[in-house]
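Peer 1: Sequence first, predicted coordinates after that:
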Amino acid sequence: MGKVNMGRVSNKVAIVTGAAAGLGAAIATMLAREGARVVLTDLDQKRGSLVADQIVGAGGEAMFLEHEVSDERRWLEVVDKTLGQFGKLDVLVNNAGVQFVKRISDTTLEDWRRLFQVNVEGVFLGTRTAMSAMRQNGSGSIINLSSTMDRVVSVNDAAYCASKAAVTHFTKAAALDGATDGNRIRVNSIHPGLIETPMVEREILDLARLRGDVNTDAVRAKWDALCPLGMGKPEDIAYGALYLASDESKLVTGSELVIDGGHLLKR
Ligand SMILES: NC(=O)c1ccc[n+]([C@@H]2O[C@H](COP(=O)([O-])OP(=O)(O)OC[C@H]3O[C@@H](n4cnc5c(N)ncnc54)[C@H](O)[C@@H]3O)[C@@H](O)[C@H]2O)c1
């Protein structure tokens, strides 16, 4: 008798960007645990390969590709290599993102453009490239990492907030596009609140420094209190991505999955 595979995304092939750390690493690991063959991509080759090796070590199927998500040509190579290795593409998680802590008056045009290149152009390029591969099967699931900061603003995060609002709205237009011509390519956004990852650790440190303090406890406590259920763990987001990647969500498109411990309740 063949192996019985009960994974929630068995037989699916997924690409996860920004998979070397934080949410991307957790999402890639979760999808692999639930039976998907996963292509992890990131700028950080060393840590990305390590995560892929850990997945393989635990019995999963994964490979790592170095990838700058704002590089149009590299996107074609990443999708080509995925099709070459695994034969198809079912899921893309546009997770890679960057953030910085600066008031508008301190934000340079280069700062702004770089953030939009990664957070917005990267999502556009990934969606466009994946959609053409997914049209070969007529189905797929694209999951974009937006944020609760697409609607809650902070004085130190104008560029980031604007970029995430763009991701949310783009996701809905892409969802319409993915449902044309008989295709069922679903496109949804996930909106994490405050989740303990390297990005958030850096932000907490930057905010503490801005207050002239190297001790991060006060900022951390304030942030924890912003969410009625406290800050989250990467796996909290990975479970959401798993649902959207699986056929359990086959009627869900253009939707916003908020996973925020109640962050938005207190705005
Ligand atoms: N952590 C949170 O609380 C939170 C909240 C809301 C939204 N998000 C979003 O979730 C996503 C993941 O966040 P995280 O907290 O895990 O971040 P992180 O900084 O901890 O990890 C991001 C990963 O993306 C990679 N990366 C950065 N720029 C890249 C590029 N140009 N090309 C390819 N890879 C690149 C980094 O090397 C890193 O491995 C981001 O889009 C972020 O905006 C996070």
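Peer 2: Nice, I can see it.

Peer 1: Would you state the strands of the chain in chain order?
Peer 2: Assigned by DSSP state E, the strands in the chain fall at 13-17, 37-42, 61-66, 91-94, 139-145, 184-192, 256-259.

Peer 1: Same list, these, but as CSV with mean neighbour count and mean pLDDT please.
Peer 2: C-beta coordinates here come from the backbone N, C-alpha and C atoms, glycine included. Supplementary listing: the strands of the chain in CSV, determined by neighbours: other C-beta atoms under 10 Å; pLDDT from 0 to 100:
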stretch, mean neighbour count, mean pLDDT
strand 13-17, 29, 99
strand 37-42, 28, 99
strand 61-66, 20, 98
strand 91-94, 30, 99
strand 139-145, 25, 99
strand 184-192, 25, 99
strand 256-259, 18, 98
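
Peer 1: could I get these as TSV with distance to the ligand?
Peer 2: Below are the strands of the chain laid out as TSV (distance: least, C-beta to the nearest ligand atom, whole Å):
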stretch	distance to the ligand
strand 13-17	6
strand 37-42	5
strand 61-66	9
strand 91-94	8
strand 139-145	4
strand 184-192	4
strand 256-259	9
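
Peer 1: okay, those in a markdown table with distance to N156 next?
Peer 2: A markdown table is the format used below for the strands of the chain (distance: least, C-beta to C-beta, whole Å):
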| stretch | distance to N156 |
| --- | --- |
| strand 13-17 | 25 |
| strand 37-42 | 26 |
| strand 61-66 | 31 |
| strand 91-94 | 24 |
| strand 139-145 | 20 |
| strand 184-192 | 18 |
| strand 256-259 | 22 |
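
Peer 1: Near G138, how many other residues are there?
Peer 2: 11 (other C-beta atoms under 10 Å).

Peer 1: quick one: contacts for the residue lying closest to V120 once chain neighbours are set aside?
Peer 2: Nearest residue to V120 in three dimensions, chain neighbours excluded: A166, at 4.8 Å (C-beta to C-beta, 6 or more residues apart in numbering). Shown in contact with A166 (C-beta atoms under 8 Å, 6 or more residues apart in numbering): 116, 119-120.

Peer 1: what do you get if the cut-off is 10 Å, keeping everything else the same?
Peer 2: 116, 119-121, 123-124, 146, 150 (C-beta atoms under 10 Å, 6 or more residues apart in numbering).

Peer 1: Just give the nearest non-adjacent residue to the closest residue to the ligand within the stretch 51-200 of the chain, would you?
Peer 2: The stretch 51-200 of the chain approaches the ligand most closely through G97 (2.2 Å), counting by C-beta to the nearest ligand atom. Take G97 and drop its neighbours on the chain: the residue closest to it by C-beta to C-beta, 6+ apart is N119, 5.0 Å away.

Peer 1: Surely that neighbour and S147 touch.
Peer 2: Yes: under the criterion of C-beta atoms under 10 Å, N119 makes contact with S147 at 9.5 Å.

Peer 1: any residues in contact with both of the two?
Peer 2: 97, 99, 160, 163-164, 167.

Peer 1: Next step: those restricted to helices.
Peer 2: 160, 163-164, 167 (DSSP state H).

Peer 1: Export those as CSV, with columns for distance to N215, pLDDT and neighbour count.
Peer 2: CSV is the format used below for these (distance: C-beta to C-beta, whole Å; pLDDT from 0 to 100; neighbours: other C-beta atoms under 10 Å):
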residue, distance to N215, pLDDT, neighbour count
Y160, 24, 98, 24
S163, 30, 98, 26
K164, 29, 98, 26
V167, 33, 99, 22
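
Peer 1: And those residues, which is closest to G7?
Peer 2: V167 (28.2 Å; C-beta to C-beta).

Peer 1: Before I go, just wanted to say thanks for your time.
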